[in-house]
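1. Here is the input, now give the coordinates:
(one chain, ligands or ions: 1)
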Amino acid sequence: MTTRVSFTEALGLRATWMLPAIAGATLAVVAPAWATDADKGRTIARLWCAACHLVEPGQTTAKVDAPPFATIATTRSAADLRAFLANPYPRMPNMSLSRDEIDDLVGYITALGD
Ligand code: HEC
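-> This is a model prediction of the structure:
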């Protein structure tokens, strides 16, 4: 984790007792950068998937009885999801998702299972 080293060095904090605090702070700093794709995925999910799927914890109703994304997160691997979304599926509209959109969605959905 080079990020952690440079982060602590940047602050000039080296005392061992500070490490847990630094680790926490580092996560907080690193997470937004990592979460960018999942954020885009959430936006796509709200736009294109929320009519039929429950795509996030706050959503309580969907029009169709499709599996909630939180369930999909625990039953499908990332590779599985990628394959599913890359191919048209009879009960879902063909959304012709780009590779980037698929990656973002897969990042978002799998994060729901963490
Ligand atoms: C028009 C309604 C509709 C829309 C819009 C829709 N879905 Fe679905 N989706 C379904 C239905 C219905 C199923 C269940 C199909 C089945 O079980 O045969 C499903 C199943 C899935 C599954 C497989 C779940 C599983 O594990 O069996 C995934 C993954 C999925 N959808 C992702 C998405 C994503 C991502 C979007 C948005 C980009 C989306 N869906 C938009 C209706 C929809």
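2. Going by C-alpha atoms from here, please, whenever you check contacts or count neighbours.
-> Noted.
3. Around the ligand, which positions in this protein sit nearby?
-> Neighbours of the ligand within the chain, by C-alpha under 6 Å from any ligand atom: 45, 48-49, 51-52, 65-67, 72, 76, 81, 91-93.
4. What sits closest to the residue in the chain that the ligand sits nearest to if chain neighbours are left out?
-> Across the chain, the shortest distance to the ligand (C-alpha to the nearest ligand atom) belongs to C49, at 3.5 Å. Distance criterion C-alpha to C-alpha, 6 or more residues apart in numbering; nearest residue to C49, sequence neighbours excluded, is V55 at 7.0 Å.
5. Now for that neighbour, which secondary structure element holds it?
-> Assigned by DSSP states H and E, V55 belongs to no helix or strand.
6. I figured it was touching R46, is that so?
-> Yes. In this structure, V55 is within contact of R46 by C-alpha atoms under 8 Å, at 6.8 Å.
7. Which one's more surrounded, those two?
-> Under the criterion of other C-alpha atoms under 10 Å, the comparison of V55 against R46 puts V55 first, with 27 against 16.
8. Quick one: residues contacting that one.
-> Contact analysis of V55 by C-alpha atoms under 8 Å, 6 or more residues apart in numbering lists 42, 45-46, 49, 68-70.
9. now the helices for this structure?
-> Assigned by DSSP state H, the helices in the chain fall at 2-11, 19-44, 69-75, 78-86, 99-112.
10. averaging pLDDT over each of these, which comes out lowest?
-> Set side by side, those give their lowest mean pLDDT on helix 2-11, at a mean of 50.
11. so what's A45 closest to, chain neighbours aside?
-> A45's closest residue in space is V55 (C-alpha to C-alpha, 6+ apart), at 6.3 Å.
12. how many other residues sit next to the nearest residue to G107 once chain neighbours are set aside?
-> Of all residues beyond its chain neighbours, the one nearest G107 is A38 (5.0 Å), with distances taken as C-alpha to C-alpha, 6+ apart. By the measure other C-alpha under 10 Å, the count of residues near A38 is 21.
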